[in-house]
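J.: generate coordinates for the sequence data below:
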Amino acid sequence: MRAAEVYGTAFGQGLRPESKLTVSAWADKYRLLSQRASAEAGRWRTSRTPYLREIMDALSSSSPYERVVFMKGAQIGGTECGNNFLGYVIHHAPGPIMSIQPTVEMAKRNSKQRIDPLIEESPVLRNLVQSPRSRDSGNTILSKEFPGGILVMTGANSAVGLRSMAARYLFLDEVDAYPLDVDGEGDPIVLAMARARTFARRKIFLCSTPLTSGTSRIEAAYEESDKRRYWVPCPFCHHYQVLEFSRIRWEHKDPETAAYFCVACEGRIENHHKTVMLERGEWRAEQVGDGKTAGFHLPSYYSPVGWFSFADAARMFLSASSKGCQQLLRVFTNTVDAKTWKEIGEAPDWQRLYERAQAEALPYARTVPQGGLFLTAGADVQKDRIEIQVVAWGRGKESWLVDYEVIEGDTSRPEVWAKLTGYANRTFPHASGTDLPITRLAIDSGAETQTVYSWVRSQGPGKVLAVKGAVHGVAIIGLPSTVDITAAGKKARRAAKVWPVNVSAFKTELYGWLRLEMPTAESGEPFPPGFCHFPQLGEEFFRQLSAEQLITRLVKGYRKTEWQKMRERNEALDTRIYARAAAAQFGMDRFQEQHWAALEQQVDLSARGTPSPSQTPAPATQELPRTERPVDRFYRRDEKPRWLGDRKRWFDR
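T.: The predicted model follows:
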């Protein structure tokens, strides 16, 4: 054939409009699965995973959608859906393609394990992409040439790879694992999409298991779409519904008995029923979206029979919840429920806490309950008041709110501080019949700082602590620093100490405790460690207690996690944190059995009017090793201290 005829034929083929073959139809006709890349080798059958049909068809050249978003669980077939898209483009609608994995190494691995079998096992693709063993084949690990286009594979961590070429088609896999910033040039997804900007008929496929709420790219893209979910009919009453994990039930600690129960008729749906349900299922959009993005959300329990069963989901959930491991629960939420994980520091529901306090019905009589063994208090200073919260602590860090006091008045006036002194020295009746004093009181030094220091000095060492919040820290409460300047600007005779408090760690811990469920009276189970008891206080207290939330923001391409106030008033939360810091300084986090037993003995002896044994030291003194105790004495002028490297503390010779 003469050269003119060859070019003329190619020119005519380029002018010919593409047929309306869809990606799912192409896969059913041409795709063969390799034993290297699939557990079910042989011809591809979309009927095996009917929910993928509409997703693949939205990627077809005849579809009006420009962007397709698939937020999915594991073992659903999302990656193979993307590979069908690549095969379809190479064979039916050629053009430049860019396939992006989280890293370059993953792109190389995906090329060998997925792309090479895709090409080698499907004859129509093998005839278009030359063998990598031939000279000048254009077939390398990260590049596959074919008539009319090229497939380039790269990692989201390579800015050079992302800007290497213009691309009409983009396949972005596991986008939530992409770095936030690549080589200082910005978001890799933005860089990749810029490669397709000049193509009028571009197709972009984003596929990923979601990760963290607030920074999840796949969730953000899904929210911009029409938000489709897969509705399936009940095999008994034929009521259409979206599968939810809460409807999967099993007998006590036996995941093998797991089944799905219909939301309408409560019929028991076994795993084998999924075949018919999936065949008759349909995608339904929940919103209009931007008109250019089709979004699909699918958890793992939609997997066909033989892949991931209801029993598998129950087994995975039981394993995560029984161990109490937040990371395992996170993996379950991401890979099975296909939902983003919300950090443990997210504010609890104040309404639930309020209702729980009403149900527990503790009397607010400023009395320490039987389980409370020592008291700490936290004080927050404002310009016109001082707010104080007194907390009783017991075994397992179980706690009870004993009192909440507000001392009104201008905090620059001495009479307000005189009232605080009286309150700090008061005692509270214990259920056993004795009275308990406040063991430690931590007061925030952020407002009226010098006045706070002067008041702390006047109380003497030991009982009262000036604290200052720190965003991060290696310890929940650090080593104190001295402040030797008085409110009048003169050098103090006795220096006050300021204790740094890791407020982020304490808030995360508290919010985890506030989420604990109260055991029912019928169960007879004890309260879990860390459970917080509250009397019947007003709604405002619980609103303040849950006033902050841990959020993650993108700052210059990096994740920054910080606590943010969701409302103006949060004194109930602050005073609670300071009371917890006072308990930590007292040594509660290092208590062992003998410390709790000593406290119980002291309460019992005091209730009977018997003096406590002098040989029983205070719990904090028992626990703290000598090298960890604060050094309180002054050095002589002729005595040189010794510097102990990374510990950053001075000790005498």
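
J.: domains for this protein, by residue range?
T.: 23-35+43-227+286-298, 350-613 (automatic domain parsing).

J.: and those, which is most packed in?
T.: The highest mean neighbour count among the domains of the chain, using mean count of other C-beta atoms under 10 Å, belongs to domain 23-35+43-227+286-298: a mean of 19. In short, each C-beta sits where N, CA and C put it, glycine included.

J.: and stretch 156-176, end to end?
T.: 11 Å (C-alpha to C-alpha, to the nearest Å).

J.: same question for it, mean pLDDT?
T.: Stretch 156-176 shows a mean pLDDT of 90.

J.: stretch 384-403 now?
T.: 94.

J.: one more: stretch 229-237?
T.: 97.

J.: just give me how far it sits from the chain centre.
T.: Between the centre of stretch 229-237 and the centre of its chain there are 31 Å (C-alpha atoms, centre = their mean, to the nearest Å).

J.: in that stretch, what's buried?
T.: Within stretch 229-237, the residues scored as buried using 16 or more other C-beta atoms under 10 Å are 230, 231, 232, 233, 234, 235.

J.: looking at the residues you listed, which is nearest residue 203?
T.: Nearest to residue 203 among those: residue 230, at 21.9 Å, using C-beta to C-beta.

J.: beta partners for the closest one?
T.: Beta-bridge pairing of residue 230 under DSSP bridges involves residue 283.

J.: for it, give me its contacts.
T.: 51, 242, 243, 281, 282, 283, 296, 298, 302 (C-beta atoms under 8 Å, 6 or more residues apart in numbering).

J.: reformat these as CSV; add pLDDT.
T.: Formatted as CSV, the contacts of residue 230 follow (pLDDT from 0 to 100):
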residue, pLDDT
51, 97
242, 96
243, 96
281, 97
282, 97
283, 97
296, 97
298, 97
302, 96
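
J.: check the gap between the nearest residue to residue 239 once chain neighbours are set aside and residue 240 for me.
T.: Excluding the flanking residues, the one nearest residue 239 by C-beta to C-beta, 6 or more residues apart in numbering is residue 264, at 3.8 Å. According to C-beta to C-beta, to the nearest Å, residue 264 and residue 240 sit 9 Å apart.

J.: hmm, residue 223 and residue 210 touching each other?
T.: No - Residue 210 is beyond contact range of residue 223, at 11.3 Å (criterion: C-beta atoms under 8 Å).

J.: which residue ranges form the strands in the stretch 301-450 of the chain?
T.: 374-381, 385-393, 399-408, 427-429, 435-444 (DSSP state E, counting those that start in this stretch).

J.: ok, which of these comes nearest residue 530?
T.: strand 399-408 (7.8 Å).

J.: for stretch 285-299, C-alpha coordinates in CSV please.
T.: Output in CSV follows, covering the C-alpha atoms of stretch 285-299 (Å, rounded to 0.1, in the frame of the first residue of the first chain):
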residue,chain,number,x,y,z
ALA,A,285,-28.8,10.5,43.1
GLU,A,286,-29.4,12.5,46.3
GLN,A,287,-28.6,15.9,44.9
VAL,A,288,-28.2,17.8,41.6
GLY,A,289,-24.5,18.5,42.0
ASP,A,290,-22.5,20.6,39.6
GLY,A,291,-23.8,18.8,36.5
LYS,A,292,-20.4,17.6,35.4
THR,A,293,-19.6,15.2,38.2
ALA,A,294,-21.1,11.8,38.8
GLY,A,295,-20.5,10.6,42.3
PHE,A,296,-20.8,7.0,43.6
HIS,A,297,-20.6,5.7,47.2
LEU,A,298,-20.4,2.0,47.9
PRO,A,299,-19.4,0.2,51.2
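
J.: pLDDT below threshold where in the chain?
T.: Residues of the chain meeting the criterion pLDDT under 70: 1-19, 37, 131-138, 214, 323-325, 343-347, 471-475, 484-495, 551-561, 607-653.

J.: count the residues that sit near the residue nearest to residue 239.
T.: Using other C-beta atoms under 10 Å, residue 264 is surrounded by 13 other residues.

J.: ok, it to residue 238 distance?
T.: 9 Å.

J.: do the same with residue 300
T.: Residue 300 is 24 Å from residue 238, by C-beta to C-beta.

J.: who's more crowded, those two?
T.: residue 300 (23 against 11).

J.: which ones are touching the more buried one?
T.: 73, 74, 75, 76, 308, 313, 335, 336, 337, 338.

J.: which stretches of the stretch 401-550 of the chain form helices?
T.: 414-424, 449-458, 503-514, 539-545 (DSSP state H, counting those that start in this stretch).

J.: of all the ones you listed, which one is nearest residue 364?
T.: That would be helix 539-545 among the helices of the stretch 401-550 of the chain, by C-beta to C-beta, at 10.9 Å.

J.: from residue 369, how far off is the nearest residue to residue 367 once chain neighbours are set aside?
T.: Excluding the flanking residues, the one nearest residue 367 by C-beta to C-beta, 6+ apart is residue 429, at 5.2 Å. Residue 429 sits 11 Å away from residue 369, going by C-beta to C-beta.

J.: what do you get for residue 577?
T.: Counting by C-beta to C-beta, the gap from residue 577 to residue 369 is 22 Å.

J.: one more: residue 157?
T.: For residue 157, the distance to residue 369 - C-beta to C-beta - is 55 Å.

J.: mind listing the shared neighbours of residue 264 and residue 240?
T.: Joint contacts of residue 264 and residue 240 (C-beta under 8 Å, 6+ apart) are residue 234.

J.: before we move on, back to that, possible to save the strands of the stretch 301-450 of the chain as JSON lines with distance to residue 350?
T.: As requested, those are exported to JSON lines (distance: least, C-beta to C-beta, whole Å):
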{"stretch": "strand 374-381", "distance to residue 350": "19"}
{"stretch": "strand 385-393", "distance to residue 350": "16"}
{"stretch": "strand 399-408", "distance to residue 350": "15"}
{"stretch": "strand 427-429", "distance to residue 350": "26"}
{"stretch": "strand 435-444", "distance to residue 350": "22"}
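
J.: can you redo the contacts of residue 300 as a markdown table with distance to residue 546?
T.: Listed next are those as a markdown table, based on distance: C-beta to C-beta, whole Å:
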| residue | distance to residue 546 |
| --- | --- |
| 73 | 30 |
| 74 | 33 |
| 75 | 37 |
| 76 | 36 |
| 308 | 36 |
| 313 | 31 |
| 335 | 29 |
| 336 | 28 |
| 337 | 24 |
| 338 | 28 |
